[in-house]
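**Q** I'll drop the sequence and a predicted model, then ask my questions.
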Amino acid sequence: MKTIQPQQLRIRTPECITFSYDLAGPLYRALAWSIDVACIMLLSGAIQGMLAPLQGVSADMATALAIVMVFAGTLAYGVLLEWLWRGQTIGKRVMGLRVQDADGLRLRFSQVLLRNLFRAVDSLPILYLVGVISVLCTRRAQRLGDLAGNTVVIRITKPAHADLERIAPPIYNSLREQPHIAARYRQRVTAREASLALQALLRRDELDDAARVELFSELAQYFRRQVVLPADFLRGVSDEQFVRNLVDVIYRSSGNGVLGKPASNLYR
């Protein structure tokens with residue numbers, strides 16, 4: 001079940017936890033795209049430079065091949081970067097934007113491909129007029145490519161400094177005693193996964209007992225599969241405490257006792 005407010009996407013899970021995302025408006029998207037255009041122009045220049053020797057053989061063939069390769073390179077730029085960088089291009093990374101599934105699910109390659117194929121339509125007739133009108137007129141600020149791929153573009157909100165004791169009281173945390181395991185988790189846990197765990201902890205008191213146990217059981221099982229743990233490592237540690245320990249080592253800045261930025265890879 002989802003409820004949408006202007007410029008904000010809200011996703012409500014079956015466990016009655018609501019996650020909010022700030023939607024990117026046309027200005028932020030235009031700035032990000034202008035950076036991407038500069039990168040694409042550099043790529044196109046490199047492609048044309050590589051094909052320059054063909055001009056002496058057949059100017060028409062060289063021109064036709066250059067057009068095809070520039071189109072393919074432009075499409076590949078958006079598709080490959082958004083897929084490999086979890087919804088970001090160079091421009092989106094600079095502007096702090098990210099493409100994600102509109103239902104909060106994992107972004108699929110087919111969605112990335114669709115939204116980039118529709119870019120040719122969104123750019124019509126000039127200066128992305130169709131896309132801008134679509135972003136302004138849709139409740140989730142989606143261009144036609146987003147509607148086709150069921151995606152949205154969100155603004156990445158970095159965690160503000162806050163009292164970490166709300167989620168991790170000062171009790172023994174076994175992960176702090178195993179820095180190599182903590183480091184593996186920082187490398188493998190994505191920004192979305194860390195955010196889901198953090199929000200679940202912040203809102204755990206809103207759940208009834210059964211839903212709370214089930215939620216943290218699923219989260220703990222998922223995170224335990226991310227890293228191979230020693231057999232007796234979690235002995236006596238409840239599912240909820242394990243998730244709290246994990247969030248603690250990901251978010252806590254060294255020595256300051258407050259909620260800080262997670263490891264840098266979480267925002268890549």
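**A** Cool, got the structure. Residues are numbered from 1 along each chain as shown.
**Q** Going by C-alpha atoms from here, please, whenever you check contacts or count neighbours.
**A** Noted.
**Q** Torsion angles phi and psi at residue 37?
**A** Residue 37 has phi and psi values of phi -60, psi -40 when expressed as degrees, to the nearest 10.
**Q** in this structure, which spans are strands?
**A** All strands of the chain, identified by DSSP state E, fall at 2-5, 8-12, 18-23, 97-101, 151-155.
**Q** Comparing those by mean pLDDT, which bottoms out?
**A** Mean pLDDT is lowest for strand 2-5 among the strands of the chain, at a mean of 44.
**Q** before we move on, the earlier item: kindly present the strands of the chain as JSON lines, with separate columns for distance to residue 252 and mean neighbour count.
**A** Below are these laid out as JSON lines (distance: least, C-alpha to C-alpha, whole Å; neighbours: other C-alpha atoms under 10 Å):
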{"stretch": "strand 2-5", "distance to residue 252": "31", "mean neighbour count": "12"}
{"stretch": "strand 8-12", "distance to residue 252": "26", "mean neighbour count": "18"}
{"stretch": "strand 18-23", "distance to residue 252": "21", "mean neighbour count": "18"}
{"stretch": "strand 97-101", "distance to residue 252": "24", "mean neighbour count": "23"}
{"stretch": "strand 151-155", "distance to residue 252": "23", "mean neighbour count": "24"}
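**Q** Adding distance to residue 175 as columns, could you present those in CSV?
**A** As requested, these are exported to CSV (distance: least, C-alpha to C-alpha, whole Å):
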stretch, distance to residue 175
strand 2-5, 35
strand 8-12, 30
strand 18-23, 27
strand 97-101, 30
strand 151-155, 31
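**Q** mind checking which of these is nearest residue 51?
**A** strand 97-101 (33.4 Å; C-alpha to C-alpha).
**Q** From the contact counts, what lies against the closest one?
**A** strand 151-155 (3 or more C-alpha pairs under 8 Å, 6 or more residues apart in numbering; DSSP states H and E).
**Q** hang on, the earlier thing: closest one to residue 248 among the strands of the chain?
**A** strand 18-23 (19.9 Å).
**Q** is it true that residue 112 touches residue 82?
**A** Yes. Using C-alpha atoms under 8 Å, residue 112 is in contact with residue 82, at 6.7 Å.
**Q** Of these two, which one has the most company?
**A** Set residue 112 next to residue 82 and count neighbours by other C-alpha atoms under 10 Å: residue 112 wins out with 26 against 23.
**Q** Now do the contacts for the more buried one.
**A** Residue 112 makes contact with 79, 82, 83, 87, 149, according to C-alpha atoms under 8 Å, 6 or more residues apart in numbering.
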